[in-house]
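> When you get a sec, could you give me coordinates for this:
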Amino acid sequence: MKITRINVWALELPLSRPYSLAGGRFHFDHLDSTLVRLDTDEGISGWGEGCPWGSTYLPAFAGGIRAGVAELAPVILGMDPCRTEVVYRAMNSALPGHPYIKSAIDMACWDLAAICAGRPLCDLLGGRTAGRVRLHSSIPSGTPAEIMHEIEIARELGYTFHSVKIGADVAADIERMRFVDEQMAADEELTFDCNRSWLPAEAITVLNATRELNRVVEQPCDTIEQHLQVRRNVSQPLAIDESLKTMNDLLRIIETGACEVVGMKLTRVGGLSIARKIRDLCIEAGIQMNIEDTGGTTLQATAAVHLAHATPEPFRRATWLCFDKLTRNPVEAGAVNIDGWSVAPELPGIGAVPDVDALGEPIAVYGPS
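Numbers count the residues shown, from 1 in each chain. Okay, the predicted model is just below:
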């Protein structure tokens, strides 16, 4: 099998409600996604998606994905997409770094490999495990009342696990954390996600003032080194998210005992090929994982659910379905929210297919016409 054509679509995804994070310093009302379809000489196609959370959240942006696909297209045309590692090494040789650019192509290769095998993607990523995949909501920054309003909306959708964005200032965050924690039911789980908002001194002050809450606190500071300063001075379980970008980052995290949980987002680490390696190393190190992505349609979320469902239950902490926040989602089938839980589809491949008629004409096509 050979890749004969690469089709690229740009897709604007409006959010149902404006979204803020990092204590309200960053605001979003839509996402810019890139869909990639790899066509082959055997008449089979595979789909991938790359959708950064805007341009300010991470060193990644939608235009970069589309420019990068143009750069990589001549390299991967003619290659066998089922040889996922070979394709990935070729992309690394042609374009060192820029992992977020490679994720959509890598996802499409895995989709094709699973379709050719006649198996759901999770079976190629280690095999479907027992149980369901727990989902968490994503609650934007706001006042305590605004946060609880968003949590009530999430509860109506079945969520019992909430990730709440904080990181405004020391006094306000202490108030938010205590207020929200008091509103949680006995069966609800809660993470406080700072998105790198605090300096180490601020993080240490807030967490020591709220140590009785004993909730996971995610990415309090900007770097792993700053995070380690916090780790040495607080007792709460900590999570690292944005600072986990490479396998070397994970080795550093394991070596230093920096956290108990990691947030692994497929696009940020470079796609399924890298994420499954990170997953396996986390299992060996005893680190729990939030397995998800930075945004996107049902396609992108379903790929994350497949990896989560192929991860042993004690290690998969939660997964996020971004499409719950979208007003446009032109993808058929795929993972769904069932009272705060999900499962990987049984169909061969990812099991989520974009509606080409709804997408319209691609913005770029590489390969023979």
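
> secondary structure class for H149?
Following DSSP: H, G, I helix; E, B strand; the rest coil, the label given to H149 is helix.

> List the residue ranges of the stretch 251-369 of the chain that fall below the pLDDT cut-off.
369 (pLDDT under 70).

> would you list every one of the helices in it?
266-269, 272-285, 298-309, 356-359 (DSSP state H, counting those that start in this stretch).

> all strands of the stretch 151-300 of the chain, in order?
Per DSSP state E, counting those that start in this stretch, the stretch 151-300 of the chain carries strands over the ranges 161-165, 189-193, 216-218, 238-240, 261-265, 288-292.

> Run through who's touching the fourth one.
Meaning strand 238-240. For strand 238-240, contacts defined as Cβ atoms under 8 Å, 6 or more residues apart in numbering pick out 191, 216-220, 224, 227, 230-231, 253, 258-263, 290. The way it works is simple: take the backbone N, C-alpha and C, and place the C-beta from them, glycine included.

> List buried residues within those.
Buried by 16 or more other Cβ atoms under 10 Å: 191, 216-220, 224, 227, 230-231, 253, 258-263, 290, out of these.

> Look at A358 and say how many residues are nearby.
Neighbourhood size, A358 [other Cβ atoms under 10 Å]: 12.

> Now do the contacts for it.
P330.

> how close does it sit to R317?
33 Å (Cβ to Cβ, to the nearest Å).

> rewinding a little: just say which of the helices of the stretch 251-369 of the chain is most tucked in.
Counting by mean count of other Cβ atoms under 10 Å, helix 298-309 has the highest mean neighbour count of those, with a mean of 31.

> and that helix with helix 272-285, angle?
Taking axes from the mean of the first three to the mean of the last three Cα atoms, to 10 degrees, helix 298-309 and helix 272-285 form an angle of 30 degrees between their directions.

> Show me what the helix or strand containing V36 pairs with in its sheet, parallel or antiparallel.
Per DSSP states H and E: V36 is located in strand 26-40. With DSSP bridges as the test, strand 26-40 is paired with strand 3-21 (antiparallel), strand 45-50 (antiparallel).

> What's the mean pLDDT across it?
Averaged over strand 26-40, pLDDT sits at 90.

> which parts of it are buried?
Neighbour-count burial for strand 26-40 [16+ other Cβ under 10 Å]: 26, 28, 31-40.

> what do you get for stretch 188-208?
By neighbour count on 16+ other Cβ under 10 Å, the buried set for stretch 188-208 is 189-198, 200, 202-207.

> Count the residues that sit near P14.
Look at P14: counted by other Cβ under 10 Å, it has 11 neighbours.

> how close does it get to A67?
Taken as Cβ to Cβ, the span from P14 to A67 is 24 Å.

> what's the answer for R232, then?
Taking Cβ to Cβ as the measure, R232 falls 42 Å from A67.

> do T40 as well
24 Å.

> Report the central residue of the chain.
Nearest to the mean C-alpha position of the chain, by Cα atoms, centre = their mean, lies D293 at 1.4 Å.

> Please report how far that one lies from A130.
D293 is 24 Å from A130, where distance means Cβ to Cβ.

> what does I350 give?
For I350, the distance to A130 (Cβ to Cβ) stands at 21 Å.

> likewise F28?
When F28 is compared with A130 (using Cβ to Cβ), they lie 36 Å apart.

> The closest residue to A117 other than its chain neighbours: neighbour count?
Using Cβ to Cβ, 6 or more residues apart in numbering and skipping the chain neighbours, the partner closest in space to A117 is L124 (6.4 Å). For L124, the count of nearby residues is 21 (other Cβ under 10 Å).

> For L124, list the residues it contacts.
L124 sits next to 110, 113-114, 117 when contact means Cβ under 8 Å, 6+ apart.

> ok, and the most crowded of the residues you listed?
Ranked by neighbour count (other Cβ under 10 Å), the contacts of L124 have W110 at the top, with 28 neighbours.

> distance of E156 from W320?
Applying Cβ to Cβ, the value for E156 to W320 is 17 Å.

> on that earlier part again, so between I350 and A130, which is more surrounded?
Neighbour totals were compared for I350 and A130, and I350 leads with 34 against 7 (other Cβ under 10 Å).

> contacting residues around that one?
Residues counted as contacts of I350 (Cβ under 8 Å, 6+ apart) are 47, 107, 110-111, 114, 121, 299, 302-303, 306, 334.

> ok, so of those residues, who is nearest A60?
Lowest distance from A60 to the contacts of I350 (Cβ to Cβ) belongs to M107, with 15.1 Å.

> Contacts only, for P314.
Residues in contact with P314 (Cβ under 8 Å, 6+ apart) are Q288.

> Next: P14.
29-30, 326-328.

> ok, how many other residues are close to G97?
Neighbour tally, G97, other Cβ under 10 Å: 10.

> how much space between it and I6?
Going from G97 to I6 by Cβ to Cβ gives 21 Å.

> now D339, nearest residue through space, not along the chain?
Per Cβ to Cβ, 6+ apart, closest to D339 is G158, 3.6 Å.

> I'd guessed the one you found sits against V336; true?
No: using Cβ atoms under 8 Å, G158 makes no contact with V336, being 10.6 Å away.

> more neighbours, the two?
Each of G158 and V336 has its neighbours counted (other Cβ under 10 Å); V336 has more, 17 against 13.
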